[in-house]
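Enquirer: whatever this is, show me its structure:
(chains A and B)
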There are 2 protein chains.
Amino acid sequence: MAAPDFIARLAAICGKENVASGIDLSERRGLFHGNAAAFVKPGSTEEVSAVVRLAADLKMPIVPYGGNTGLVGGQTPEGLDNAIVISLARMDKVRALDPDGNTLIIDAGATLATARRAAESVDRLFPLSLASEESCTIGGNLATNAGGLAVLAYGSARDLVLGLEVVLADGRIWNGLRTLRKDNTGYDLKHVFTGSEGTLGIITAAALKLFARPRSVATVLAGVPSPDSALALFRRARTEAGPDVTAAELIPCFGIGLAAKKLGVPLPLKAQHDWYVLLELSSVSASGLDDILFRIVNGARVDGDIADSVTAGSPEAREKLWAYREIMSDAQGLAGASIKHDVAVPVKDVPAFIRAATKAALAAVPGCRPCPFGHLGDGNIHFNVTQPESMDAESFIARWDAMNAAVHEVVKSFNGSIAAEHGIGRLKRDLLPGIKSETELDLMRALKTALDPDNQLNPGVLLHKR
Amino acid sequence: MAAPDFIARLAAICGKENVASGIDLSERRGLFHGNAAAFVKPGSTEEVSAVVRLAADLKMPIVPYGGNTGLVGGQTPEGLDNAIVISLARMDKVRALDPDGNTLIIDAGATLATARRAAESVDRLFPLSLASEESCTIGGNLATNAGGLAVLAYGSARDLVLGLEVVLADGRIWNGLRTLRKDNTGYDLKHVFTGSEGTLGIITAAALKLFARPRSVATVLAGVPSPDSALALFRRARTEAGPDVTAAELIPCFGIGLAAKKLGVPLPLKAQHDWYVLLELSSVSASGLDDILFRIVNGARVDGDIADSVTAGSPEAREKLWAYREIMSDAQGLAGASIKHDVAVPVKDVPAFIRAATKAALAAVPGCRPCPFGHLGDGNIHFNVTQPESMDAESFIARWDAMNAAVHEVVKSFNGSIAAEHGIGRLKRDLLPGIKSETELDLMRALKTALDPDNQLNPGVLLHKR
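Expert: Residues are numbered from 1 along each chain as shown, chains lettered A, B, ... in the order given. Sure thing, here's the model as predicted:
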């Protein structure tokens, strides 16, 4: 199998202290397991390049490893007995920061929090917003095209990229670290590597877009009678405030109850409502956001789309409203096990999707408790389903595939996505043939073959091993 | 060469009336010339597919043809004696319009104006803004990743794409017409085809993003002492108004004089200034844009970055200010021939670039009159150089390559782009090896080979014929 001296050869490249072997790299939830033949931490792009060349020579597969926060097993060398896992943890520096041009060049091993703090240090915003910001890395964010809470206003990770530096499958370095806003000189390679989950190249640095920091924010948590009303409220907000609508998050009654319990606080509104919408406006320039929000809320109330609402009167009050949303994933655990679906449909179809998926979930496991919440404004609903009260967790989890199949069938009927923001990884790889045409799979395989002909990079992730 | 019955076989696919032969397809400026062996107008995606299959069988190259407004020869079958040129002019329909989801699905043969009007019909904005909107087509816009006047606020054409339908080199149809805001299910194929100038596939339809229409606009034309002051003004505006700064266009004294002459109007400000900036704020929600603009202008005046300015008090006054900018390209003709450069540098480097490029241009052709104008906010300057007064047009144009080389050398020194928004086409194809690393060219060739192994699609455009 592996050459007997590969550890020594890796140590010669990266330094002995930066090479370990036989490390258990199971991910934190324990869903994916795997051992690295070698776990290496190169200190420079050149060292990454040398490691990749060596791996190619030795026919050992490469698995790029960021903050180990991925949810689809893309970072875990499961099923690979001779993988060289490359962590860029030592490559964590800001390379350049240009507040005039609103650009940041940063090593891929830097955490998202490092990027956000660098932007703040020059009064700018790097808007990507994920709960795992202190652990997850820019390289991982870009390799998975991460989503999060700011997509409605700023787009997904790929929308924030101006340029990349990538080590290719044969070890060559592509320096595409441009900070230009416009550049029409050929195929857009940065978009090829972004979101490719480490299967086409290893991102070693990125040139990112920065933004002016919003100076005014207006936030409301509204109790609404139905997802249709939630959508009507969002539509009204977009008509009134356009791109200043920077969040529109949906939470069901079941979910907000769990969130309140987990937080140890009362429900946010006097009565209990079937659905809740957390709506936020923010702007660099606008001074009258409170007035606009008042107009939106008032109009929705008159039309029956809002039953009751609470507006944040201070930054602290805003934090308290967001807490209900931010704790949702954790809070679900209070009600037992859940089966999760990271899906998206066209925004206009969110209400119909929730109705149909709820019906399908109940048919799959009678008594189950759907808890659909998330990014209404992006059409990205985390359709999580909690176990029936009368069932034990294990029996419920045993129905994982059946539940997935039922929910994903509904997603497909709306031309939706079964992997809206977490990616494919190993978790959903075998589902791809069910949702992509043979033509699209062929195109993806053609790109893989073109850029990684020997299937050296993250084999088994995203596409089937050949 | 071509099979004797190819016209009949094309007619069998598209109808006799939609196939012509021996047509002169020289582009309007007369810079590129070429004849089509056949000029076909398929009426459906299936017909495009059948034509491409036939072309592949006959080994006749395919040249996709939009509104013939491209400036780099990408649509002209120059040097090809047996090209089948495909026009999608008959595929010009709106397929679906969703104001809630802010999406539009439209045939690639529809003009940009058709897309804009469709959006307006449901009170939405499709922001791509080009002077040629009544002629240029959505397919051409996307194939070239068109830029224009709204890039600062809304991005280039590629940023407006949610999904594509593409006929591949072997005639297969890829249906990627998704309208999802989030979809992380594999490689992002829409970005591979967008901007590929018809060399990887033929875009037959697109799902596009729409936006709320801005309801308030504030516009100022300022006389400023230098490009540095222009940049300082832009920076100040971004700090005050963030994304509400929707235009920041630079015009030199020489240019505004020609524009005024061409328009038959006086200069916009009492005195003459070395440079002018057209700055615009717009917003869906903000009501106080006039106040913000006043604050920006006043601050810049106090700091010496603005010498004088005129603010538009009405939509008509705004039109009049924009007229100086919009007529710039045409107006330059009043002063004789010019050699043009569509280049971009990092925004912060625009002043230094203008200084260095001016020096280089004067060294290349003493007495020439540089007229750098355009999208300051994107770093995209049209560095157009007008002939010396003492030289005849022909002798000046004979210096085209030398002037290009001099200016592009300066662009390279700023890590800039020699094709910011018009693309590569045939015009700049031979310049690519001078600005791209061998690694990047290899990556581009690998994509071309993967998706069009027989070099059937638009050969000679973007990459060298093999």
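Enquirer: which ones are touching the nearest residue to A:Ser413 once chain neighbours are set aside?
Expert: For A:Ser413, ignoring the flanking residues on the chain, the nearest one in space by Cβ to Cβ, 6 or more residues apart in numbering or on different chains is A:Ala356 at 7.2 Å. All C-beta spots, glycine's among them, are computed from the backbone N, C-alpha and C. A:Ala356 makes contact with A:Val410, A:Ser413, A:Phe414, according to Cβ atoms under 8 Å, 6 or more residues apart in numbering or on different chains.
Enquirer: buried sites along the helix or strand encompassing A:Ala356?
Expert: According to DSSP states H and E, A:Ala356 maps onto helix A:350-364. Residues of helix A:350-364 classed as buried: A:Val350, A:Pro351, A:Ala352, A:Phe353, A:Ile354, A:Ala356, A:Ala357, A:Thr358, A:Ala360, A:Ala361, A:Leu362, A:Ala364 (neighbour count, 16 or more other Cβ atoms under 10 Å in any protein chain shown).
Enquirer: next: stretch A:295-303.
Expert: Neighbour-count burial for stretch A:295-303, counted by 16+ other Cβ under 10 Å, picks out A:Arg295, A:Ile296, A:Val297, A:Gly299, A:Ala300.
Enquirer: biggest separation within the residues you listed, which pair?
Expert: Greatest spatial distance in those: A:Arg295 and A:Ala300, 9.6 Å, computed using Cβ to Cβ.
Enquirer: wait, doesn't A:Leu88 sit right on A:Ile106?
Expert: No. Contact criterion Cβ atoms under 8 Å: A:Leu88 and A:Ile106 do not qualify, at 11.2 Å.
Enquirer: and the stretch 351-466 of chain A, which residues reach chain B?
Expert: A:375, A:377-380, A:415-424, A:428, A:432, A:435-437, A:439-440, A:443-444, A:446-447, A:449-451, A:462-463 (Cβ under 8 Å from any Cβ of the partner chain).
Enquirer: can you name the residue of the stretch 101-250 of chain A nearest to chain B?
Expert: In the stretch 101-250 of chain A, the residue that lies nearest chain B is A:Gly242 (2.6 Å; Cβ to the nearest Cβ).
Enquirer: tell me the contacts of that residue?
Expert: B:Phe211, B:Ala212, B:Pro214, B:Ser283, B:Val284, B:Ser285.
Enquirer: ok, those vs chain A, which is closest?
Expert: Among these, and counting by Cβ to the nearest Cβ, the member closest to chain A is B:Val284, at 2.6 Å.
Enquirer: ok, the closest residue to that closest one other than its chain neighbours to A:Ser216 distance?
Expert: In space, and not counting its chain neighbours, B:Val284 is closest to A:Gly242: 2.6 Å by Cβ to Cβ, 6+ apart. Per Cβ to Cβ, to the nearest Å, A:Gly242 is found 15 Å from A:Ser216.
Enquirer: okay, and which of the contacts of A:Ala356 map to helices?
Expert: A:Val410, A:Ser413 (DSSP state H).
Enquirer: which other helices and strands does the least confident helix or strand in chain A by mean pLDDT contact?
Expert: Lowest by mean pLDDT, DSSP states H and E among the helices and strands of chain A is strand A:23-24, with a mean of 84. Applying 3 or more Cβ pairs under 8 Å, 6 or more residues apart in numbering or on different chains; DSSP states H and E, we find strand A:23-24 packed against strand A:35-36.
Enquirer: next structured bit after the strand it packs on?
Expert: From strand A:35-36, the next helix or strand downstream (DSSP H and E) is strand A:38-40.
Enquirer: that older thread, confidence score at the residue of the stretch 101-250 of chain A closest to chain B?
Expert: Here, the pLDDT recorded for A:Gly242 equals 88.
Enquirer: then A:Gly30?
Expert: pLDDT, read off for A:Gly30, is 80.
Enquirer: same question for the one 10 residues further on.
Expert: The predicted structure scores A:Val40 at 98 on the pLDDT scale.
Enquirer: cool, and the one 5 residues further on?
Expert: According to the model's per-residue confidence, A:Thr45 sits at a pLDDT of 98.
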